[in-house]
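*Asks:* when you get a sec, could you give me coordinates for this:
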Amino acid sequence: MYDALIEGLHAICNEETDIIPRAKRSARKCMDAMQELREHIIANPFRTATEEIAFFKETKPMFHSHLAYWMRVLDIELNRPLGGKEEMEKYLRLQLLHLKMSYDKQASFYNYYRHGETGMDDRYFLRKNNFMNINDPRAVDCDQQFSTSHDYFITLLLANTRVQDYLSSALASLDQSVEYEKTNIDKAPLQWTASKAGLVELIYAFQSNGVFNNGQAGINEIALYFEKLFAVELGNYYHVFNEIRLRKKSRSQMLDQLKDKLITKMDELDVK
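*Replies:* Just a heads-up that it's a prediction; the model follows:
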């Protein structure tokens, strides 16, 4: 089920150029996956407390974090100001501050989780011990069959880590923004017609191998150069790279394909 979710998200990423439609479709995909997961759990009760703890501590947050991430990205982009660079930078930095405040509220629990502690797992991740503070807004409509008191905090931790990367990338893009001449796109000698994810994969491969400027060229510098070279807008390429990292099959699809095609071409020439 998780592999299917990731593959679906990758397909959406390749199909949608603009972030808002991509975020909307991705969020809907995640909602469907969460509903399917809930139905599976209700239909197949846990056999032991250990299984239940593992699900709510590890499996559900893994799924749920994708939904939380895309909902947060959608909210960020829908409310992003239309002003100049200074106003947008102020807005993005405020979003980063909100993330820090959210983390600080649960710092004690996050230390427990990150240090791999287990002493409170029975209390945190078993539904029979599902206590919530009356001030917690989730207490009003919490799904008692599909929630514990603390699985959502792990979801937030995983999602907000990605949101922080998204915001940091957006800030970096402001610092190295490029004004595209839309009217000149058709005049470009070469245009990139494969998937944008494929180009991002190549860019990170080039940077990792240090092929430009004796290894001193950064990701932003290389990405901006390729965007101008091929008249393509990659958008939030840091986010795309994170999606590539989550692939369950091949995390280097473009590189693998290029290698196979090159070897096939050389084999054909050898025969001739």
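*Asks:* ok, the residue lying closest to Tyr69 once chain neighbours are set aside - contacts?
*Replies:* Excluding the flanking residues, the one nearest Tyr69 by CB to CB, 6 or more residues apart in numbering is Ala159, at 4.2 Å. (Glycine included, C-beta is placed from N, CA and C.) Neighbour list for Ala159: His64, Ser65, His66, Ala68, Tyr69, Arg72 [criterion: CB atoms under 8 Å, 6 or more residues apart in numbering].
*Asks:* hmm, try it at 6 Å
*Replies:* Ser65, Ala68, Tyr69 (CB atoms under 6 Å, 6 or more residues apart in numbering).
*Asks:* before we move on, what about Lys100?
*Replies:* Residues counted as contacts of Lys100 (CB under 6 Å, 6+ apart): none.
*Asks:* recalculate using a threshold of 10 Å.
*Replies:* Asn160, Gln164 (CB atoms under 10 Å, 6 or more residues apart in numbering).
*Asks:* can you pull out the strands in the stretch 1-150 of the chain?
*Replies:* For the stretch 1-150 of the chain, applying DSSP state E, counting those that start in this stretch gives no strands.
*Asks:* wait, what's in contact with Gln106?
*Replies:* Residues in contact with Gln106, defined by CB under 10 Å, 6+ apart, are Tyr112, Tyr113, His150, Tyr152, Phe153, Ile154, Leu156, Leu157.
*Asks:* quick one on the thing from earlier: what helix or strand does the residue nearest to Tyr69 sit in?
*Replies:* Assigned by DSSP states H and E, Ala159 belongs to helix 151-175.
*Asks:* among the contacts of Ala159, which are in helices?
*Replies:* Among the contacts of Ala159, the ones falling in helices (DSSP state H) are Ser65, Ala68, Tyr69.
*Asks:* in a markdown table: those residues, plus pLDDT, distance to Ala33 and neighbour count.
*Replies:* Formatted as a markdown table, the ones in helices among the contacts of Ala159 follow (pLDDT from 0 to 100; distance: CB to CB, whole Å; neighbours: other CB atoms under 10 Å):
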| residue | pLDDT | distance to Ala33 | neighbour count |
| --- | --- | --- | --- |
| Ser65 | 95 | 12 | 20 |
| Ala68 | 95 | 13 | 21 |
| Tyr69 | 95 | 13 | 26 |
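*Asks:* ok so, going back, ok, the contacts of Ala159 vs Gly83, which is closest?
*Replies:* Tyr69 (25.8 Å; CB to CB).
*Asks:* for the residue found closest to Ala4 once you drop the neighbours it is linked to in the chain, what are its contacts?
*Replies:* Among residues not flanking Ala4 along the chain, Ala33 sits closest, at 7.5 Å (CB to CB, 6+ apart). With contacts defined as CB under 10 Å, 6+ apart, the neighbours of Ala33 are Met1, Tyr2, Ala4, Leu5, Ile6, Gly8, Leu9, Phe63, His64, His66, Leu67.
*Asks:* highest neighbour count among those residues?
*Replies:* Of all those, the highest neighbour tally under other CB atoms under 10 Å goes to His66, namely 26 neighbours.
*Asks:* next, count neighbours for the residue lying closest to that one once chain neighbours are set aside.
*Replies:* For His66, ignoring the flanking residues on the chain, the nearest one in space by CB to CB, 6+ apart is Cys30 at 4.8 Å. Cys30 has 22 neighbouring residues, counting by other CB under 10 Å.
*Asks:* brilliant, that's me finished.
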